[in-house]
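Colleague: what shape does this take:
(3 chains)
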Amino acid sequence: MSGIVIAIVVLTILALVFGVLLGFAAEKFKVEGNPLTDQVEALLPQTQCGQCGYPGCRPYAEAIANGDKINKCPPGGTATMEKLADLMGVDPEPLNATEEVQVKKVAYIREEECIGCTKCIQACPVDAILGSGKLMHTVITDYCTGCDLCVAPCPVDCIDMLPVEQTTKTWDWQLNAIPVKQLQEDTLC
Amino acid sequence: MLTLLEQIDKGTLWRAHGGVHPPELKSLSNQTTIGQLPLAKHFVLPLTQVGDSALLAVEVNQRVLKGQSLTSGTSFAYCPVHAPTSGTITAIKPMPSNHASGIEVLSCIIEADGLDEAIKTDAHHAELSNQEILKIIQQAGIAGLGGAAFPTHIKLSPASEIELVIINGIECEPYITSDDRLMREHSDEILAGVAIIQRLISPKRIIIAIEDNKPEAIDAMQHALNSSTLANGTTRITAVPTKYPSGGEKQLIQILTGQEVPSGAIPAQLGMLVQNVATAYAINDAVANGQALTQRVVTVTGLNSQTPGNYWVQIGTPVKHILDTLGFNGNVANDKIIIGGPMMGHSLPDISAPVLKGTNCLLLPDSSEIADSVAEKPCIRCGECAVACPALLLPQQLFWHSKAEEYDKAASFNLHDCIECGCCSYVCPSDIPLVEYYRIAKSAIRTQNEEKKQADFAKLRFEARLKRLEDEKLAREAKAKEAAERRKGSMSSGDKNAVAEAMARIKAKKAAEAGTEPAPSNDIADKKAQIAAALARAKAKKAGAAAPTSEAAANKESAPADANDKKAQVAAAIARAKAKKDAAKAANTANTSGQSETDAVSANTAPAADDKKAKVAAAIARAKAKKDAAKAGNPATPDDAIAQSEADSATADKAQSADDKKAKVAAAVARAKAKKQAALTGNTAAPADVIAEADAVPAETVSAADDKKAKVAAAVARAKAKKLAEKAKQSIQDTDMAIEPETVSEPIETAISETRQETVSNIVNTKDSTDAENSADASVSLVEESASILTAEQQKKARIAATIAKAKAKKAQAKLQEKE
Amino acid sequence: MAFKLASSPHLKVKLQTQTVMRRVIMCAIPGIAAQSYFFGIGVLVQILLAVIVALAAEAAVLALRKRAIMPTISDNSAVLTAILLAVAIPPIAPWWLVVIGTLFAIVLVKQLYGGLGQNIFNPAMAAYVMLLISFPVQMTSWSIPTVIAQNPMDISLTLQAIFGSMSAEQLNQYKLGFDGLAMATPLDTVKTDLALGLTMTESLSKPIFSDGFGIGWFWVNMAYLVGGLVMLKLKVIRWHISAGIIGSLFICSSFGYLLSPDTHVGPLVQLFSGATMIAAFFIATDPVTAATSIRGRLIFGALIGVLVYVIRTFGGYPDAFAFAVLLANLCAPFIDYYVKPRTYGHRTGN
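Modeller: I've put the predicted structure just below:
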């Protein structure tokens, strides 16, 4: 009989001790905010394009942290989706957007056609368009995230999304890609 | 314990880790003296710094002289490019680069005139200040000739004190002998260059390091050193055991001093500076003789070279010229052309690429010398790569991670410390192209970092923007509050009139605000015009809803038509556009586009008989007609029609744009609209698009005659177009009445109606109704446009016109209802 | 206008994987010769059998995996694995033993892990351990050099013994000696004797230790040592793992011997008996399953040496190289992870 009592007492004491320990640890090592949101946000491309249906990358990060699907970010592409899957411990899913090959694009304003309406300036989430009312606008391409948001508002449709061209500095050493290009040149000649 | 300098004086050498002993194969090219390559017919000078830290200083068709700088710049990093001979610049355009990728870079092409006329240079004197010498070196465009081509003047103006200067005559790569020959033949000039470096830097010691497989070069340099002014104990020549890659900057420093350059740092941090012997030669040439860097010694070697040896080659000489002049046994299909040595050089995709400042060797191996890369076999983790690696990396770990694209892990194994010397690939028994994997991984990491940086920056800007918008909102609210306070104050005065006035003011303000928010462009000087435009817009809506009759069309269309000659042209353009569209429609239903297109063309040409622009337009139309005929084979979709209509408006645009810039704007608007409506309206609404565009063009051009408000009008037209498209869609669905267009006395109108009738004969009933709709809508919008134009001239008239328009619209509505 | 493109370096050393493997096999010849001299030509039969099975098994698996067969077969790695397993099996063990072992080594340990370069365990040793645990009797029935010397087995007798047509009685004679006196391998003898409470001196006085090291085993070890040194000279292997093994085994056994000569085998006996030399130069140096960095390899070798000493001295099995190598194989990734060389320009390793 006493054996049972001892066992109960010991287990109770243990439970209390660990409870206190855990409680203390929870207070001591408390993390402010939702660290998962930050982690998710760090993976998102920060284009702020809203293609996920959320007004910006942060809200989408919060949504993912709360269990939203991870495949709603076309600018991030499959790479981002896979990283998110990794982080969230869920299965990768195909992107919800049908999407051509992942090429980074930036907006480019055909300046002679720009009427200076400033609509694109207001649409740009990262203030990458420079210009003033009735004056020509231009895109600061280094700042442009390629989010596409300026294209629709433009009344004269003078904004093109152009793929960023490879230079000798950004070349990715895909040696076998070169002959293909030259073959095309040959056929042109 | 000896100090470092004492040990250097003793000639102590340290051991660098790793390295390999590839076959040297230097005797192929170092037996003959340096020859002079004949001038090429044209030269290609890449202008890589242009747009970055330099400006273009020449233009096409300009004649340049040898040694003339093609660029100008003031920044510290600026390193000019000089014309290598006299000639004419035939083009400045992207050309294949001398880079492993062969990506085109902006280059200046000089057609040599064969005179080789140089710009006047004056030999400099000894009484130059250090700053002046540096200036001369910069202006001579001297860059590291060892291969990296880093601007020399930057290296020679270090921020910290330099104790040791190392003159690199190692040349450890197999095959290359350009420095070897240069040291043998021009040792005095090299030492003069070294003396200039000494003057600039005043280091405690200078070591000229030469690999011990070049005894002749060592002798020559020693001889020159003995007779030079430098021989006062500070300069010594050190023979270094032959091993690849002792010529690497970091490895050389380790061998000569036992110190390691910290990761991510430059030798200057250790108080050291490494310069190539050829650079020293060039420095002397620039300072003593005033010669800009326009030629360098290039080793041409390999079994595919008919006359291997070293040659003075003008910088910018296309590789093809070297091959043609010196003889090349290889062929395109089987052979490689390597720029640089066999260990680190890159294969050249295009032989039109030029020789650059860093091009020290042109290796033309036959397939027995350098075999094709064989298929890689599995890594057996033999560890030979780690033994050979001079950077003490673990190449196979890097390889696993690079291959698995786990770039962060590869980076954690210090991938960025890889100098890409190729030792690991050289020793790999499994033929794994390790360096290639590292390069791909490195570029991927670089891209990732770049993207991460951009993402962070974008986030920063996004947040800054949100904050700005928030602030602006607060400021606005504060202002509104203030205004309200003021209003209250004025109310207390008790004057009812004043109150009413204030209310009105506020209202006006609010209205203005509301107007500015969607489109701030509206805040133009002429506020009246704005209001008028708004009125016109409103009317347009109503008119669109009212589905006007053909009577209205007749009347209203005449209004702009007799405005002036220009407008007539515009109208002609409308006619053309419409005709074409109708034709396209016809093609849809009856597959007889060929016929109707031709009709359309004739309709076009009739009113514009004596107008040159019209002719042009006609030609274009003809071309289009042909295309359509081709299209007719398979039933053209509404999309096609839309695409055409875009093109049409462009035509119209062209015709008028000759003397009117704003027409372009209008055209752009029209195009944009076309696109948007394509998306907006479905199949049935296609005709609606047609109207909208056709309207837009004349409206814009007319109004744009010489008035700034054209842009405003453009905005109006835009809005209208959208709405019309929507309305049209609805009305098409609602009614299926055939409204016959009335013949108008105006020639333009005749053209329109002609076309229409022709089309009518071809198309079914429903289509007719659409057509009528078109014309009616078009007329309405035209009236509005004219209204807005007139507004710009005289507000009153505009108002009257608007009223008329309104009335007519009403009538049209009534009529329609009757008919229904 | 497209010339051939390739990433630098364009020069390659001519040494290939298959050359490396071939040289290892060549260098094993002295040891194999010595072994067949002392233990009968059964060794060669076993090797032949193992090689045939290994190549067939590898080809079959590659065909199933839809990989190119010839390039992989010709890299000689399967042959080497087969040889190393065959020499570890008693020369007159039944044929199915070596067949099962080889199949296990090639199919399970090597190919199912992804083929050459992907396996984490040394295939020969893993197969050996599998056989040792599954068929302990057959695997410990080493014939005795003295018996072989007195009653040489010709090829037909050997084949009879291996393929099971020899009577059990006759077979036992070769295994246990014609005088019926049971004789095991030297290390086995020591182990049994120590367990029986005999002292080391007493054990060493047994006939099998008549030359001080264990008849035959010493020379076999010497022959493998010679082959190993040739490999070092040819730079087929690097010295670090072998030195690690020999060094640590020597140090451990010397230490034990000095502490208690009666219960511990002397260092020289440790080094020149059992599988010490073949393991130190031919088995543990298999780069695929070893650590990769230089320091890592020293540690890897030392670990094997220590494990061998511990298992030989305190464990249940007379020889321990197979276990030691497999255990060290397990540790190799761990060693690699923590023993990274200091990269040029970095203050500390990491």
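Colleague: so how far is B:E420 from the nearest residue to B:Q269 once chain neighbours are set aside?
Modeller: Closest residue to B:Q269 in three dimensions, ignoring its sequence neighbours and counting by CB to CB, 6 or more residues apart in numbering or on different chains: B:P262, at 6.4 Å. Any C-beta I mention is one placed from the backbone N, CA and C, and that applies to glycine too. Look at B:P262 and B:E420: by CB to CB, to the nearest Å, they are 19 Å apart.
Colleague: who's more crowded, the two?
Modeller: Taking other CB atoms under 10 Å in any protein chain shown, B:P262 and B:E420 do not tie; B:E420 has more neighbours (21 against 15).
Colleague: for the more buried one, give me its contacts.
Modeller: B:E420 makes contacts with B:M344, B:V435, B:Y438, B:R439, C:S8, as judged by CB atoms under 8 Å, 6 or more residues apart in numbering or on different chains.
Colleague: following element in sequence after the helix ranked longest in chain A, please.
Modeller: The helix of greatest length in chain A, counted in residues with DSSP state H as the criterion, is given as helix A:2-28. Reading on from helix A:2-28 to the C-terminus, the next helix or strand found by DSSP states H and E is helix A:35-43.
Colleague: domain parsing for the chain?
Modeller: Using chain A. Listed by automatic domain parsing, the domain ranges of chain A are A:35-88, A:105-163.
Colleague: actually chain B
Modeller: By the record's domain assignment, chain B is partitioned as B:4-18+B:126-292, B:35-123, B:297-363, B:375-518, B:527-819 (automatic domain parsing).
Colleague: next one: chain C
Modeller: Taken from automatic domain parsing, chain C resolves into C:16-177, C:233-350.
Colleague: near chain B, which residues of chain A?
Modeller: Within chain A, the positions lying close to chain B (CB under 8 Å from any CB of the partner chain) are A:41, A:44-48, A:56-57, A:112-113, A:115-119, A:125-128, A:133-134, A:143, A:145, A:154-158, A:166-168, A:170-175, A:178-179, A:182.
Colleague: rerun at 6 Å
Modeller: Those residues of chain A that sit near chain B, judged by CB under 6 Å from any CB of the partner chain, are A:45-46, A:48, A:113, A:115, A:117-118, A:125-127, A:133-134, A:145, A:155-157, A:168, A:171-173, A:178.
Colleague: which among the residues you listed count as buried?
Modeller: Neighbour counting by 16 or more other CB atoms under 10 Å in any protein chain shown classes A:45-46, A:48, A:113, A:115, A:117-118, A:125-127, A:133-134, A:145, A:155-157, A:168, A:171, A:173, A:178 among the residues of chain A next to chain B as buried.
Colleague: the residues you listed in strands, which ones?
Modeller: Using DSSP state E, no member of these falls within strands.
Colleague: now narrow these to whatever sits close to chain C.
Modeller: Contacts with chain C within those, counted by CB under 6 Å from any CB: none were found.
Colleague: just give me the neighbour total for the residue lying closest to A:V40 once chain neighbours are set aside.
Modeller: Counting by CB to CB, 6+ apart, A:V40 lies nearest to A:A61, which is 4.1 Å off, once chain neighbours are set aside. Other residues lying near A:A61 total 25 when counted by other CB under 10 Å.
Colleague: can you tell me what sits against the helix or strand harbouring A:A61?
Modeller: Here A:A61 is covered by helix A:57-65, with elements defined by DSSP H and E. Counting by CB atoms under 6 Å, 6 or more residues apart in numbering or on different chains, the neighbours of helix A:57-65 from elsewhere in the structure are A:N34, A:L36, A:T37, A:V40, A:E41, A:L44, A:Q46, A:Q48, A:C52, A:Y54, A:I70.
Colleague: which of those sits closest to B:K120?
Modeller: Using CB to CB, A:Q46 is the member of the contacts of helix A:57-65 that sits closest to B:K120, with 55.8 Å.
Colleague: surely that closest one touches B:D456?
Modeller: No. Using CB atoms under 6 Å, A:Q46 is not in contact with B:D456, being 7.0 Å away.
Colleague: on that earlier part again, which one (most neighbours) among the contacts of B:E420?
Modeller: Of these, B:V435 is surrounded by the most neighbours, 27 neighbours in total, counting by other CB under 10 Å.
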